[in-house]
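> Fold the following for me, if possible:
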Amino acid sequence: MACPVKYRTMNTFWKYYSGEEIAPVPTIFVGGNHEASNYLWELYYGGWVAPRIFFMGFAGVIWFGNIRIGGLSGIFKSRNYYSGHYERAPYNESDIRSIYHVREYDVQKLMQIEEPLDIFISHDWPRGITDFGNSEQLLRHKPFFENEIKNKTLGSQPAEELLKKLKPSYWFSAHLHTKFAAVVQHGENGPITKFLALDKCLPGHNFLQVIEIESDAGPHEIHYDEEWLAITQAYNPYFPLSRKSVQLMAERPDLGFHRQCVRKCMKEFNMKPFDFTITVPPYDPTQGKTANPASLAGHVRNPQTEAFLQLLDLHYLLDSAPEHATPNRSPVSLMIQVKDENEIVLDDADDDNVPDDVDEIEVLSQQAMTNPNEIAVHEDDSDS
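Modelled structure (predicted):
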């Protein structure tokens, strides 16, 4: 987990993982930048991290009752956006941060969605969302956002593109540690997206808000989404696993064909996610430790993921060797090309030296404002 040392303590999630505690309500989440990334990688396609706590995967769409929910995990960093998913446990100091950086491959899968979404969840805010809310009030609380807002660099460019394409009724985010609401009108007389971000879960912070969304009488259970399963099946053979930059080709696969395949697969399946399974021994408070770290150094194949891939007749790629793994090529057209190593990628902003943690950014900004002549020295590429 990438986080400051002071936060590396065993808290309460192990109780939910072990079954000692059960979440009082069904809980759906996406990953951010302070997660147990090795565990979430086991569930790249989504799944239960504990009973009644469901991870949407690195990108995903599900149903909760008759409410359709999409999600994107991680945060945007331009330097990793075009890379494949090359990180493998045990992670080094670089990979433990880059693994949660959003990849174009996952965004492009979400861009194929055509059917309407009720809710979308991301950790990052969509870039430009501050244009649609009370930015003056935001700056009173977070004055160090001012330059990014002026330069149109606050937030995630891929999330902005997804917001414009998907136009969900609601969009919920986090990451910037402050409450902010906005209403986005998509074109004249177009649909509206209500955006809400909340603060950290601390006393005195605005971290909770109850929103009522119209739904049927139930039962309110999580189900797979047919369109998303078709997209997953179509794109999985081209899963990029190389550290090198890859570029997705414009031509779309035949999703109609894959929807027929999904329907055939689902005839005898109720579309519910597979049951939660413990994959490593839970933390034992009487021993003050978890399992031997040496036994957990590599990748663990989660039975939920294996069953999901078997259902869709897909190969398991999550433990493939990254340096030698090359995405399969379509005989008709290449969907993925490896970028020229000599090509210079021009990003919208050079964010290599910008920390991922908002609290650290705020501290550095306050130091700069306190003494504008002082040069703040911090680790290069620090995401914690």
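> from here on, contacts and neighbour counts on C-alpha atoms
Will do.
> For the nearest residue to Leu40 once chain neighbours are set aside, list the residues it contacts.
Counting by CA to CA, 6 or more residues apart in numbering, Leu40 lies nearest to Gly57, which is 7.4 Å off, once chain neighbours are set aside. Applying CA atoms under 8 Å, 6 or more residues apart in numbering to Gly57 gives the contacts 30-31, 40, 43-47, 71-73.
> before we move on, what about Tyr100?
By CA under 8 Å, 6+ apart, the contact list for Tyr100 reads 31-33, 37, 73-75.
> Out of those residues, which is nearest to Glu93?
For the contacts of Tyr100, the minimum distance to Glu93 (CA to CA) is 12.9 Å, reached by Ser37.
> quick one, phi/psi of that closest one?
For Ser37, the backbone dihedrals are phi -60, psi -30 (criterion: degrees, to the nearest 10).
> So it sits against Ile96, correct?
Yes: the pair Ser37 / Ile96 is scored as a contact, 7.5 Å apart, by CA atoms under 8 Å.
> where do the contact lists of those two overlap?
Met1.
> For Glu161, list the residues it contacts.
By CA under 8 Å, 6+ apart, Glu161 lies in contact with Pro126.
> Look at it and report its pLDDT.
Each residue has a pLDDT score; the one for Glu161 is 97.
> and it, helix, strand or coil?
Secondary structure for Glu161, judged by DSSP: H, G, I helix; E, B strand; the rest coil, is helix.
> mind checking how far it is from Gly128?
Between Glu161 and Gly128 the computed distance is 10 Å (CA to CA, to the nearest Å).
> now do Gly32
20 Å.
> With neighbour numbers in mind, choose between the two.
Here Gly32 and Gly128 are compared on neighbour count by other CA atoms under 10 Å; more neighbours surround Gly32, at 22 against 19.
> mind checking how far the more buried one is from Pro90?
Counting by CA to CA - Gly32 and Pro90 are separated by 19 Å.
> Which one of the contacts of Gly57 is nearest to Pro253?
Tyr45 (19.2 Å).
> ok, the closest one - contacts?
56-60, 305.
> Just send the residues you listed back as TSV, with distance to Glu146, pLDDT and secondary structure too.
Formatted as TSV, the contacts of Tyr45 follow (distance: CA to CA, whole Å; pLDDT from 0 to 100; DSSP: H, G, I helix; E, B strand; the rest coil):
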residue	distance to Glu146	pLDDT	secondary structure
Met56	32	98	coil
Gly57	32	98	coil
Phe58	30	98	coil
Ala59	30	98	strand
Gly60	32	98	strand
Thr305	43	97	helix
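> Make a PyMOL selection of the buried ones in these.
The PyMOL selection below is limited to those of the contacts of Tyr45 classed as buried (16 or more other CA atoms under 10 Å):
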select buried, resi 56+57+58+59+60+305
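> ok, of the contacts of Tyr45, which one's closest to Lys264?
Thr305 (19.5 Å).
> I figured that closest one hits Glu42, correct?
Yes: counting by CA under 8 Å, Glu42 is a contact partner of Thr305 at 7.1 Å.
> Give me the below-cutoff pLDDT ranges for the stretch 151-300 of the chain.
249-250, 288-297 (pLDDT under 70).
> just the strands in it please.
170-173, 180-185, 192-197, 222-224, 246-248 (DSSP state E, counting those that start in this stretch).
> For the fourth one, name the packing helices and strands.
Spelled out, it's strand 222-224. strand 59-64 (3 or more CA pairs under 8 Å, 6 or more residues apart in numbering; DSSP states H and E).
> Now tell me what touches the strand it packs on from outside.
Strand 59-64 is contacted from outside by 44-46, 56, 68-73, 106-107, 109-110, 220-225, 228, using CA under 8 Å, 6+ apart.
> List the pairing partners of the helix or strand just after it within its sheet, with orientation.
Remark: after strand 59-64, the chain's next helix or strand is strand 67-72, criterion DSSP states H and E. With DSSP bridges as the test, strand 67-72 is paired with strand 59-64 (antiparallel), strand 119-122 (parallel).
> nearest residue to Gln304 other than its sequence neighbours?
Nearest non-adjacent residue to Gln304, counting by CA to CA, 6+ apart: Phe274, 5.6 Å away.
> how close does that neighbour get to Tyr316?
For Phe274, the distance to Tyr316 (CA to CA) stands at 16 Å.
> what does Ala50 give?
According to CA to CA, Ala50 stands 22 Å off from Tyr316.
> swap in Phe145?
42 Å.
> And these two? Which one has more around it.
Phe145 (19 against 15).
> Could you check the pLDDT of the more buried one?
pLDDT, Phe145: 91.
> can you pull the contacts of it?
Here Phe145 is in contact with 139, 154 (CA under 8 Å, 6+ apart).
> how about it, secondary structure?
Assignment for Phe145 (three-state DSSP): helix.
> Need the phi and psi values for Asp106.
Torsion angles, degrees, to the nearest 10, at Asp106: phi -70, psi -40.
> wait, doesn't it sit right on Tyr44?
No: with contact defined as CA under 8 Å, Asp106 does not count as touching Tyr44 (10.5 Å).
> can you count the residues close to the residue nearest to Lys15 when sequence neighbours are not counted?
Spatial nearest neighbour of Lys15, excluding adjacent residues (CA to CA, 6+ apart): Glu21 at 5.3 Å. The local packing of Glu21 (other CA under 10 Å) involves 14 other residues.
> quick one, what contacts the residue nearest to Leu198 when sequence neighbours are not counted?
Leaving aside its sequence neighbours, Leu198 sits nearest to Lys179 (CA to CA, 6+ apart; 4.1 Å). By CA under 8 Å, 6+ apart, the residues touching Lys179 are 196-199, 206-207.
> And for Pro322?
The neighbours of Pro322, taking CA under 8 Å, 6+ apart as the test, are 85-88, 241-243.
> and which of the residues you listed is nearest Pro281?
Taking CA to CA as the measure, Pro281 sits nearest to Arg88 out of the contacts of Pro322, at 20.7 Å.
> right, and the closest one touches Val300 too?
No: the pair Arg88 and Val300 fails to qualify as a contact (CA under 8 Å) at a distance of 10.9 Å.
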